[in-house]
Structures are given as structure tokens and as C-alpha cells.
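>>> Need a 3D model of the following:
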Amino acid sequence: MKIDLKLTFPELFKETLRRHGNRTFLSFVDEKPVTYYEANQRILATISFLEKLGVKQGDKVAILSSNMPNWGISYLAITFMGAVAVPLLPDFQISEVKTVLTHSETKSIFVSEGLLAKLDEEARRDLKNIIKIEDFSVLQTENVNPSFDLAEEPSGEYKVEEDDLASIIYTSGTTGKSKGVMLSHKNIAYTAIATTDIQPVDYSDRFLSILPLSHTYENTLGFFIPMITGASVYYLKKIPTPSTLLPALKKVKPTLMLSVPLIIEKMYRNKVLPQFQKTWYLRMIYSVPFFRKKLNLLAGKKLKATFGGELKFFGIGGAKLDKKVEKFLSEAGFPYAIGYGLTETSPLLAGANPKEIKLYSTGPAMTGVTLKINDPDPQTGEGEIWAKGPNVMKGYYKEPDLTKEVFSEDGWFKTGDLGVFDKNNVLFIKGRIKNMIVGNNGENIYPEEIETVINNFHHVVESIVVEQKGKLVALVHVNREELEQRYQLFKEEFRNMVERKIEEWQNELYHYINARVNKFSRVQRVVVMAYPFEKTATHKIKRFLYTS
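Modelled structure (predicted):
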């Protein structure tokens with residue numbers, strides 16, 4: 001998709017409005033949709049409203065909200081007037097919300113009713129304006145009776161440039177401290193346009209949005225791409241559990257969706273795989289590659305029907321997809337695609353569409369992006385992935401030293417990920433440098449590869465592998481619920497039976513892992529965790545909490 005326009009949000013939206021004004025832009029499932037014309041009216045009214053609240057060009061305005069049409073309206077209004085959007089992840093803790101608001105110097109916030117409790121008394125004291133995002137009613141302000149009026153238009157004129165700061169996105173990373181990633185209008189707009197070279201999108205497409213809009217992945221690919229192509233986006237009013245998601249899939253019949261690995265992995269392990277494990281005969285048949293492929297193809301047809309029957313692109317990103325699950329998706333003919341990127345790269349760096357996917361890879365570099373493996377290992381070709389391109393961030397907000405640290409002297413962005421290219425320049429990710437463990441004899445051990453083995457053990461929900469006192473230790477969260485349901489009739493012995501069974505699983509898992517990994521990657525201990533691991537917005541485990 002080529003666009004000969006200035007790469008700013010208002011310019012690109014103006015073009016979509018000209019071409020597709022009467023088409024649906026944003027909607028809740030089962031509610032009256034907002035067309036592009038109606039969205040434009042709301043955006044202009046919101047800019048006027050922000051003017052009355054004293055917001056000026058360059059000011060920071062936060063959004064702490066679940067996904068909804070007004071999230072997008074607020075975001076576009078903020079950025080159209082040259083202010084800076086600060087999206088906050090709904091799963092941020094109260095203390096994280098306060099830290100981000102203080103660090104970003106935010107004085108105004110749009111907040112959804114269900115997340116109001118995340119603003120404590122101290123945070124509220126430091127804010128000038130608190131606006132309820134559902135209806136733009138004012139909950140707190142220093143101004144005299146400002147109100148939202150849909151008929152009003154901005155009094156000021158705003159000139160926005162490509163390199164102007166559009167958004168500061170605070171990552172809730174796997175390594176601890178949140179960093180404010182500064183993304184320009186051009187960073188985000190370029191990424192969205194270039195992504196349509198990987199997967200074409202047009203006005204007939206329908207997105208069903210299930211990931212937080214405050215994360216760059218959903219924000220750029222699941223909101224901005226439809227905005228520049230005239231496509232429509234549908235939101236759920238509740239968390240995407242099977243009971244809310246399945247009816248929505250039937251109604252919307254999405255053509256494109258974005259997901260994180262955990263969602264499709266759960267679906268495979270809880271719905272698909274059990275169908276092939278019901279009897280010893282089915283298990284035996286499924287273990288034969290010829291029959292497995294046939295059965296997977298049948299399962300794939302059912303899975304596509306579950307997703308509404310019109311899905312042509314199911315993007316998976318944010319974390320590494322389990323190899324066994326990817327093999328199933330490939331054999332099932334499911335239209336999945338893997339992408340690779342970071343918040344710092346707006347987010348995409350590499351990807352392929354479902355027709356061109358290469359098993360276990362993330363595809364080639366995106367149009368206009370240059371990737372290289374820095375200082376590759378002479379034997380394996382593996383090394384840190386470095387990137388250059390118009391999608392690379394301006395830097396970390398108020399963190400010049402940290403910004404300098406992640407850029408080379410000649411301007412390459414250091415991703416912190418280990419990767420390797422094949423002969424066709426297709427990228428394969430090995431893992432995070434910070435996660436890599438160096439063995440006693442200098443071997444590179446990638447925890448993610450061991451975790452893939454562990455997560456395929458039939459009782460494991462999730463796992464991480466860490467180094468403790470020079471030994472490899474597998475921390476696992478097992479399916480206690482399955483056991484508790486099985487033994488709940490035995491009231492007196494219930495707890496003992498569950499614990500005994502978990503000990504059996506623990507021993508079985510120890511041998512299972514070590515029979516399937518190389519000798520350097522064998523674990524010395526398996527520890528069963530009582531509770532699920534804490535995770536980031538893209539469902540990656542916050543490793544720093546478990547490695548000290």
C-alpha cells in the first residue's frame with residue numbers, strides 16, 4: 001500500500017474520510033457502529049473539549065481504559081491537536097499508574113469506569129482533569145464547568161509534523177522497570193503502511209480486537225491499519241473468555257485478528273488436543289505423521305468455522321509460539337502468521353503473511369527496515385538482532401543514558417534478541433540475551449527452547465527455566481484444577497491425594513524434560529509453583545520476579 005501523504009495521523013485520517021466516510025470504523029459487538037464521518041465529528045468535538053480543559057499542543061494526556069470506540073476517538077483527538085497520548089495498560093498496578101503519570105508529567109486523563117480505582121488519592125491530587133471515557137463527563141477539573149458538546153469544533157488550528165511525538169508507551173516488561181518509549185507520528189504511521197505490504201487490508205475487512213489498545217501491537221496493527229484502509233474494528237464489552245468471544249466471532253465473522261501465543265496455545269491444549277487423546281486407539285493413530293496431518297486438517301476446518309469462517313489472517317506476536325502448536329496450525333491450514341518486533345520499533349520489524357510463512361520463523365524484514373545480526377557466532381550464525389528504519393523510536397522519555405545504551409554509534413537499534421537468518425534472509429528468533437544462560441563449559445543455553453518442551457507436558461500450564469546457584473531449575477505451574485475436579489469426591493483425603501499426584505507429575509516431568517533436551521540443557525530440579533506467574537500485557541512471564 002503506497003500513500004503519498006505526510007505521515008501524520010490527521011493527514012492520513014483525512015484521506016480515509018474522503019474515501020470511506022460512510023463506512024463503519026469502530027463498534028462494540030451488537031451495538032450501533034460509528035462511521036468514519038461520525039468519528040470525525042466526535043474527534044473534533046473532543047479536541048474542542050480538551051481546549052476547554054486547558055490542554056495545549058505538546059501536553060501529555062493519558063488513557064487508562066478498556067477497549068472501546070471512545071478509546072480510539074480520545075487517542076486521535078489528543079494526537080490530532082499535537083498533544084501526546086500516554087496509553088496505560090489496564091493491568092498496571094495502582095503504584096505503576098502513579099509512577100507513569102508522574103514520570104510523563106501527565107495532567108489530564110481519560111479513564112474508564114472499571115479502572116477508576118487504579119487512580120488513588122495521591123494520583124488524583126496531581127491531575128488537573130479526569131474525564132470518564134464512556135461519555136466524556138468530567139469527574140475532576142480545575143476549570144469552570146467545561147462540558148463535552150458533540151456540535152462543537154476546535155477554536156485553534158494545529159500543525160502536526162511527521163517527527164512530532166505522538167505517543168509515549170510505557171512497557172511493563174519481563175525485566176522490571178517500565179520505560180517510556182517515545183514514538184512519533186511517522187514511526188507509527190510508517191509501520192502501519194509497511195505492514196499492509198505483508199498482508200493487504202482494505203475497506204471490506206473486519207477486525208475483532210481482543211488485545212489491549214494501550215499496547216503498541218494492537219494500537220498500530222489493530223487500530224491504525226484499519227484507520228488508514230477504511231476497515232472496521234469491533235470490540236468486546238467483556239474480557240475475551242470463551243463465553244464472550246465465541247458469540248462475537250459468529251456475529252462479526254472477522255477477516256483479521258491479532259493475538260498472543262497464550263490464547264491459541266490454550267485453545268489447542270484445552271479443545272483440540274483432548275479430542276485426539278480420548279482413547280488409546282486415537283492416541284496411536286495421532287502419533288503417526290500421515291494420520292496426524294489428516295486429523296489436523298479436519299480440526300483446522302472446525303477451528304476456522306469457530307472463528308466465523310471468513311478469517312484470512314490470524315497474527316501472532318508478543319511472545320514465542322510453542323513449536324508443537326505452530327506445527328498443528330500449519331498442518332491444519334489455519335491462516336496464522338508470526339510477526340517479530342518490539343514496542344521500540346512501533347512494533348513490527350519482520351513478518352510474513354499466512355501463505356508465505358516458514359515454520360518456526362518470523363519471516364523476512366519488513367519493507368524499509370534493515371536488520372542485521374551483530375557479531376554472529378562463526379559456527380551457528382547467531383547473534384544480537386540490530387535494526388534500522390523509520391519505525392525505530394525517538395528514544396526513552398527522560399532517559400538519555402538508557403537511550404544511548406540501546407543505540408550503536410552509527411544508529412543501529414540493539415533489540416536485545418538473539419536471532420539467525422537462513423539463506424533466504426528469513427529471520428529465526430532464539431531468545432532474549434538477558435534470558436540466555438551460559439553453561440559450565442561455555443555453552444549458550446536458551447531457556448525458551450527448554451520451556452517449549454516443558455509446556456508440551458500434558459499437565460503443565462506454563463513454565464520458566466532459570467539458573468539458581470549454578471543449576472538449571474524449571475519453575476512450573478501445573479493444572480491443579482484438573483486434579484481437584486478428579487478427587488473432589490474424596491473429601492478427607494482430597495488435599496493429600498492432590499499433593500501426592502502433583503509430586504508424581506513433578507518426578508515424571510523431570511525425566512520427560514531431560515529425555516528431550518541436549519545434555520547442556522538438562523534441568524537439575526523441577527519446582528511446582530502454587531500460583532500462576534505474573535505476566536506482561538502480551539502474556540510474557542515477568543522473569544525478573546523469579547530469577548533473583
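
>>> Assign L472 to helix, strand or coil.
Of the three states, L472 takes strand under DSSP: H, G, I helix; E, B strand; the rest coil.

>>> isn't it right up against V465?
Yes. In this structure L472 lies within contact range of V465 using C-beta atoms under 8 Å: 6.1 Å. No exception for glycine: its C-beta is placed from N, CA and C like everyone else's.

>>> got the contact list for the strand or helix carrying G315?
Using DSSP states H and E, G315 falls within strand 313-316. For strand 313-316, contacts defined as C-beta atoms under 8 Å, 6 or more residues apart in numbering pick out 199, 221, 255-261, 264, 307, 334-339, 351, 353-354.

>>> again, only using 7 Å
Contacts to strand 313-316, defined as C-beta atoms under 7 Å, 6 or more residues apart in numbering, come from residues 199, 221, 256-259, 261, 264, 334-339, 353-354.

>>> Please apply the same query to stretch 189-200.
Contact with stretch 189-200 is made by 1, 3, 7-9, 12, 220-221, 224-225, 228-229, 313, 337, 346, 348, 351-353, 366-368, 390-391, as judged by C-beta under 7 Å, 6+ apart.

>>> For the helix or strand following the strand holding G315, output the C-alpha coordinates as PDB.
The first helix or strand that comes after strand 313-316 along the chain, using DSSP H and E, is helix 323-332. The C-alpha coordinates for helix 323-332 follow below in PDB (Å, rounded to 0.1, in the frame of the first residue of the first chain):
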ATOM      1  CA  LYS A 323       6.600 -25.200  18.300                       C
ATOM      2  CA  LYS A 324       4.100 -28.000  18.700                       C
ATOM      3  CA  VAL A 325       1.100 -25.600  18.400                       C
ATOM      4  CA  GLU A 326       2.700 -23.900  15.400                       C
ATOM      5  CA  LYS A 327       3.100 -27.400  13.700                       C
ATOM      6  CA  PHE A 328      -0.600 -28.000  14.300                       C
ATOM      7  CA  LEU A 329      -1.700 -24.600  12.900                       C
ATOM      8  CA  SER A 330       0.500 -25.300   9.800                       C
ATOM      9  CA  GLU A 331      -0.900 -28.800   9.200                       C
ATOM     10  CA  ALA A 332      -4.400 -27.600  10.000                       C
END
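
>>> quick one: secondary structure of G308?
Per three-state DSSP, the local secondary structure of G308 is coil.

>>> which neighbours does the strand holding G315 have in its sheet, and in what orientation?
According to DSSP bridges, strand 313-316 forms sheet pairs with strand 256-259 (parallel), strand 336-341 (parallel).

>>> Of those strands, which is nearest N187?
Among the strands paired with strand 313-316, the nearest to N187 by C-beta to C-beta is strand 336-341 (11.7 Å).

>>> just the strands in the stretch 201-350 of the chain please.
Using DSSP state E, counting those that start in this stretch, the strands assigned to the stretch 201-350 of the chain run over residues 206-209, 232-235, 256-259, 313-316, 336-341, 348-351.

>>> Out of these, which one sits most buried?
Among these, ranked by average contacts under mean count of other C-beta atoms under 10 Å, first place goes to strand 348-351 (a mean of 27).

>>> Mind listing what's buried along the helix or strand following that strand?
Counting by DSSP H and E, the element after strand 348-351 in chain order, helix or strand, is strand 370-374. Residues 371, 373 are the ones in strand 370-374 that count as buried (16 or more other C-beta atoms under 10 Å).

>>> which strands and helices sit next to strand 370-374?
Judged by 3 or more C-beta pairs under 7 Å, 6 or more residues apart in numbering; DSSP states H and E, strand 370-374 is in contact with strand 383-388, strand 413-421.

>>> what's the closest of those strands to I210?
Closest to I210 of the helices and strands packed on strand 370-374, according to C-beta to C-beta: strand 413-421, at 25.0 Å.

>>> contacting residues around the very next helix or strand once past the closest one?
Sequence-wise, the next helix or strand downstream of strand 413-421 (DSSP H and E) is strand 427-432. By C-beta under 7 Å, 6+ apart, the surrounding residues in contact with strand 427-432 are 320, 340, 350, 360-364, 371, 382, 416-422, 446-448.

>>> next one: strand 427-432 to chain centre, how far?
Strand 427-432 sits 17 Å away from the centroid of its parent chain (C-alpha atoms, centre = their mean, to the nearest Å).

>>> average pLDDT for the helix or strand just after it?
Counting by DSSP H and E, the next helix or strand C-terminal to strand 427-432 is strand 437-438. For strand 437-438, mean pLDDT rounds to 82.

>>> Can you give the distance from the following helix or strand past strand 437-438 to the centre of its chain?
Moving toward the C-terminus from strand 437-438, the next helix or strand (DSSP H and E) is strand 444-445. Relative to its chain's centre, strand 444-445 lies at 27 Å (C-alpha atoms, centre = their mean).

>>> Same check on stretch 160-172?
Computed by C-alpha atoms, centre = their mean, the separation of stretch 160-172 from the middle of its chain amounts to 18 Å.

>>> Now it: buried residues?
Neighbour-count burial for stretch 160-172 flags 160, 162, 164-172 (criterion: 16+ other C-beta under 10 Å).

>>> How much space separates P261 from F276?
Distance of P261 to F276, given as C-beta to C-beta, to the nearest Å: 20 Å.

>>> Can you give me every residue that contacts H477?
Going by C-beta under 7 Å, 6+ apart, H477 touches 461-462, 529, 532-533.

>>> meant to ask about Y75
63, 85.

>>> pull the longest helix from the protein.
Scanning the chain for the helix with the most residues, using DSSP state H, yields helix 494-514.

>>> Could you pull up the mean pLDDT of that one?
On average, helix 494-514 scores 83.

>>> quick one, domains of the protein?
9-22+31-141+157-195, 232-431, 437-545 (automatic domain parsing).

>>> highest average neighbour count across those?
Burial of the domains of the chain is given as mean neighbour count (mean count of other C-beta under 10 Å); domain 9-22+31-141+157-195 ranks first at a mean of 20.

>>> From start to finish, how long is that domain in a straight line?
One end of domain 9-22+31-141+157-195 sits 16 Å from the other (C-alpha to C-alpha, to the nearest Å).

>>> now swap in stretch 333-346 and tell me
Using C-alpha to C-alpha, one end of stretch 333-346 lies 29 Å from the other.

>>> Give me the common contacts of L472 and V465.
Common contact partners of L472 and V465 (C-beta under 7 Å, 6+ apart): V523.

>>> got a list of contacts for stretch 95-105?
60, 62, 64, 86, 88, 118-120, 122-123, 126, 168, 170, 178, 180, 397-398.

>>> could I get it in CSV with only the CA atoms?
Output of stretch 95-105 as CSV, limited to C-alpha atoms (Å, rounded to 0.1, in the frame of the first residue of the first chain):
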residue,chain,number,x,y,z
SER,A,95,1.6,2.2,42.0
GLU,A,96,2.6,1.7,38.3
VAL,A,97,-0.2,4.0,37.2
LYS,A,98,1.0,6.7,39.7
THR,A,99,4.7,6.3,38.6
VAL,A,100,3.8,6.6,34.9
LEU,A,101,1.6,9.7,35.4
THR,A,102,4.3,11.3,37.5
HIS,A,103,7.2,10.4,35.1
SER,A,104,5.3,11.5,32.0
GLU,A,105,4.2,14.7,33.6
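
>>> Could you check how far that stretch is from the centre of its chain?
When C-alpha coordinates are averaged (C-alpha atoms, centre = their mean), stretch 95-105 and its chain have centres 21 Å apart.

>>> who are the neighbours in contact with A151?
Residues near A151 by C-beta under 7 Å, 6+ apart: none.

>>> any idea how far G230 is from it?
A151 sits 26 Å away from G230 when distances are taken as C-beta to C-beta.

>>> Point out where the stretch 251-400 of the chain drops to low pLDDT.
Along the stretch 251-400 of the chain, the model assigns pLDDT under 70 to no residue.

>>> Please read off the pLDDT at N444 from the model.
On the pLDDT scale, N444 is placed at 77.

>>> Tell me how far the closest residue in space to it that isn't next to it in sequence lies from V461.
Leaving aside its sequence neighbours, N444 sits nearest to M436 (C-beta to C-beta, 6 or more residues apart in numbering; 5.7 Å). As for M436, its distance to V461 is 24 Å (criterion: C-beta to C-beta).
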